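> Okay, here's the prediction I keep looking at, along with the sequence it came from:
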Amino acid sequence: MLDQFFTQISFVDIFNFCVFLTFSICYTYQLYYVFVVLTRRPPKRVAKKNHRFAVVVSARNERAVIADLIHSIKVQNYPQELIDVFVIADNCTDDTAEVAREAGAIVFPRTNAEQVGKGYALDYGFSVIRSQYADRGYEAYFVFDADNVLDVNYFREMNATFDAGAKASTSYRNSKNYDSNWISAGYAVWFLREAKFLNQARLMLNTSCAVSGTGFFIAADIIEKHGGWKWHLLTEDIEFSASSILDGVRISYTPTAILYDEQPITFRDSWNQRFRWAKGFYQVFGKYGGRLAKGIVTNPKGSRFACYDMLMTIAPGMLLTIVSVLFNAIIVVLAATGAMSTGVMVASSLSSIFFCLFNYLMFMFMFGVLTTFVEWDSIHSTTRKKVLYMFTFPLFMLTYVPIALVALVRKCQWKPIRHSISMDVAELSEASRAAGKRERV
């Protein structure tokens with residue numbers, strides 16, 4: 001009886017230790033990323049030549065914001081004759097197409113109730129461009145979302161990266177509405193953290209970055225090789241990243257190319273969007289996880305670590321936390337119902353649940369604080385809100401737990417996120433200066 005008692009205790013403790021050890025082994029390298037960013041500066045690039053680009057935007061009922069994006073492209077510090085803007089008005093029921101045309105874009109209306117989603121819309125747009133505008137000699141394609149607004153030097157900086165030989169590059173993603181509420185701030189901090197402490201570190205370590213939804217270019221020869229945009233999972237950006245890394249294509253990062261986008265402000269919109277992301281990550285892991293694991297060993301030496309890094313990005317690491325919490329919760333429930341009477345084991349399970357959740361919250365809090373202080377001048381808000389949202393960021397990240405669980409068992413249909421904040425870069429700069437003046441008064 002005593003031997004069984006200690007065996008039960010040992011099993012619980014060993015299980016929890018194995019979960020902790022797995023996390024530590026898999027993700028400790030990202031702490032090294034932080035050290036790299038804080039001790040090194042990214043390289044500066046100057047282009048020898050200005051290249052010809054096409055912009056591709058998938059827009060569904062985006063009349064409120066699409067003109068701002070096009071305007072921010074039209075006022076770039078880059079030769080306008082080298083940029084063409086194409087908008088796919090995808091299943092629109094408003095006048096997005098007319099607004100985009102008036103702003104100076106070439107518009108392709110698309111209606112398809114079967115193939116719904118950004119990936120399919122992009123594929124349609126590329127097919128039309130390649131068939132009707134092939135004579136324009138585009139060297140690379142930029143992909144944006146309709147709610148984006150670009151810094152005036154965006155194309156100049158991205159052109160320098162392309163001119164240096166990059167086949168694809170993502171950019172620095174900031175937010176229009178950090179200070180709307182704790183939800184938009186949570187998104188903003190997450191994307192700033194991704195840009196600064198993931199992609200910038202990858203750039204400086206000469207490994208591959210990952211595309212995150214919007215604000216990136218892809219070389220025309222890659223599109224030609226694949227016959228268009230052939231990544232149609234729910235997270236087509238991560239699928240493209242995984243596919244590119246497996247093909248040996250290194251995705252670069254341009255920290256000086258600044259993009260602003262609008263974040264959701266309601267929990268329902270946030271849930272729908274992150275539910276789609278969680279489901280999409282599971283899809284990408286299911287399709288590419290095995291090949292990435294194999295690539296860690298078989299890919300050319302220059303891309304093996306990139307395979308590992310991408311595998312850790314798409315791996316359902318959140319599920320380890322969930323499994324650990326559920327396992328220990330089951331032990332507690334069994335004890336409460338009388339099925340088990342091992343008090344020490346129950347205490348161990350309770351402490352493990354607390355330890356797991358507390359560590360997760362503290363880890364996210366530290367990343368939120370670090371990101372906020374390092375990117376302080378880039379966040380358009382007051383000091384009071386910046387400090388407040390450091391504390392709400394871990395709670396925002398904790399809401400991923402039920403989302404990840406539901407995404408395991410429920411089907412996902414693509415749902416559009418409403419965008420309504422009309423703002424250009426000049427307004428963003430003015431808002432930042434006004435916030436600074438209010439703080440000094």
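Cool, the structure landed.

> Report how many residues lie close to residue 305.
Residues lying near residue 305 (other CB atoms under 10 Å) number 17. Any C-beta I mention is one placed from the backbone N, CA and C, and that applies to glycine too.

> can you tell me which residues contact it?
By CB atoms under 8 Å, 6 or more residues apart in numbering, the contact set of residue 305 is 207, 296.

> Can you give me the buried ones in stretch 68-80?
Neighbour-count burial for stretch 68-80, with 16 or more other CB atoms under 10 Å as criterion, is recorded at 68-70, 72-73, 76, 78.

> Can I get the longest strand along the chain in PDB? Just the C-alpha atoms.
The longest strand of the chain (DSSP state E) is strand 251-261. Only the C-alpha atoms of strand 251-261 are listed here, as PDB (Å, rounded to 0.1, in the frame of the first residue of the first chain):
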ATOM      1  CA  ILE A 251      12.400  35.200 -45.300                       C
ATOM      2  CA  SER A 252      14.100  38.400 -44.200                       C
ATOM      3  CA  TYR A 253      13.000  41.300 -42.000                       C
ATOM      4  CA  THR A 254      13.200  45.000 -42.500                       C
ATOM      5  CA  PRO A 255      12.900  46.800 -39.100                       C
ATOM      6  CA  THR A 256      12.900  50.300 -40.600                       C
ATOM      7  CA  ALA A 257       9.800  49.600 -42.800                       C
ATOM      8  CA  ILE A 258       6.900  50.600 -40.500                       C
ATOM      9  CA  LEU A 259       3.400  49.500 -41.000                       C
ATOM     10  CA  TYR A 260       0.300  50.400 -38.900                       C
ATOM     11  CA  ASP A 261      -2.800  48.200 -38.700                       C
END
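
> For the buried residues of stretch 68-80, could you give me TSV that also reports secondary structure and distance to residue 417?
Output for the buried residues of stretch 68-80, formatted as TSV (DSSP: H, G, I helix; E, B strand; the rest coil; distance: CB to CB, whole Å):
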residue	secondary structure	distance to residue 417
68	helix	16
69	helix	15
70	helix	20
72	helix	20
73	helix	22
76	coil	26
78	coil	29
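
> tell me the average confidence for the helix or strand residue 302 falls within?
For residue 302, the enclosing helix or strand under DSSP states H and E is helix 301-314. For helix 301-314, mean pLDDT is 91.

> what do you get for stretch 86-96?
Stretch 86-96 comes out at a mean pLDDT of 94.

> I would like the residues contacting that stretch, please.
Stretch 86-96 is contacted from outside by 54-63, 66, 70, 97, 100, 105-113, 116, 118, 121-122, 124-125, 128-129, 146, using CB under 8 Å, 6+ apart.

> hmm, try it at 7 Å
54-63, 66, 97, 100, 105-112, 121, 124-125, 129 (CB atoms under 7 Å, 6 or more residues apart in numbering).

> Same question for stretch 155-162.
Here stretch 155-162 makes contact (CB under 7 Å, 6+ apart) with 45-47, 50-51, 76-78, 83, 140, 169, 171, 217, 252, 254, 256-257.

> redo that, cut-off 8 Å
Against stretch 155-162 from outside (CB under 8 Å, 6+ apart): 45-47, 50-51, 53, 73, 76-78, 83, 139-140, 142, 169, 171, 217, 219, 252, 254, 256-257.

> pLDDT weak spots in the chain?
Within the chain, the segments meeting pLDDT under 70 span 1-13, 318-325, 327-328, 331-332, 334-354, 420, 424-441.

> let's see it at 80
1-24, 26, 302, 316-359, 413-441 (pLDDT under 80).

> how about the closest residue to residue 214 other than its chain neighbours, what does it touch?
Closest residue in space to residue 214, ignoring its immediate chain neighbours: residue 145 at 4.3 Å, by CB to CB, 6 or more residues apart in numbering. By CB under 8 Å, 6+ apart, the contact set of residue 145 is 57-58, 213-214, 261.

> who's residue 145 bridged to?
residue 58 (DSSP bridges).

> Look up how far residue 202 lies from it.
23 Å (CB to CB, to the nearest Å).

> From the contacts of residue 145, pick the one nearest residue 310.
Residue 310 lies nearest to residue 213 out of the contacts of residue 145, by CB to CB, at 15.8 Å.

> wait, the closest one sits on residue 234?
No - counting by CB atoms under 8 Å, residue 234 is not a contact partner of residue 213; they are 11.7 Å apart.

> Settle it for me: which of these two has more neighbours?
residue 234 (23 against 19).

> ok, the more buried one touching residue 276?
Yes - taking CB under 8 Å as the definition, residue 234 is a contact partner of residue 276 at 5.2 Å.

> Mutual contacts of these two, please.
Listed as contacting both residue 234 and residue 276 by CB under 8 Å, 6+ apart are 412, 414.

> In terms of distance to residue 405, which of the buried residues of stretch 68-80 ranks first?
So of the buried residues of stretch 68-80, ranked by how close each gets to residue 405 (CB to CB), first place is residue 69, at 35.3 Å.

> For the closest one, which residues are in contact?
For residue 69, counting by CB under 8 Å, 6+ apart, the contacting residues are 57, 144, 146-150.

> Now the helix holding residue 302: buried residues?
Counting neighbours by 16+ other CB under 10 Å, the buried set in helix 301-314 is 303, 305-311, 313-314.

> chain center to that helix: distance?
Taking CA atoms, centre = their mean, to the nearest Å, the mean C-alpha location of helix 301-314 is offset from the chain mean by 17 Å.

> Out of the contacts of stretch 86-96, name the ones that lie in helices.
66, 97, 100, 121, 124-125, 129 (DSSP state H).

> With distance to residue 269 and neighbour count as extra columns, can I get those residues in JSON lines?
JSON lines is the format used below for the ones in helices among the contacts of stretch 86-96 (distance: CB to CB, whole Å; neighbours: other CB atoms under 10 Å):
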{"residue": "66", "distance to residue 269": "19", "neighbour count": "27"}
{"residue": "97", "distance to residue 269": "24", "neighbour count": "20"}
{"residue": "100", "distance to residue 269": "23", "neighbour count": "27"}
{"residue": "121", "distance to residue 269": "20", "neighbour count": "25"}
{"residue": "124", "distance to residue 269": "25", "neighbour count": "19"}
{"residue": "125", "distance to residue 269": "25", "neighbour count": "24"}
{"residue": "129", "distance to residue 269": "31", "neighbour count": "23"}
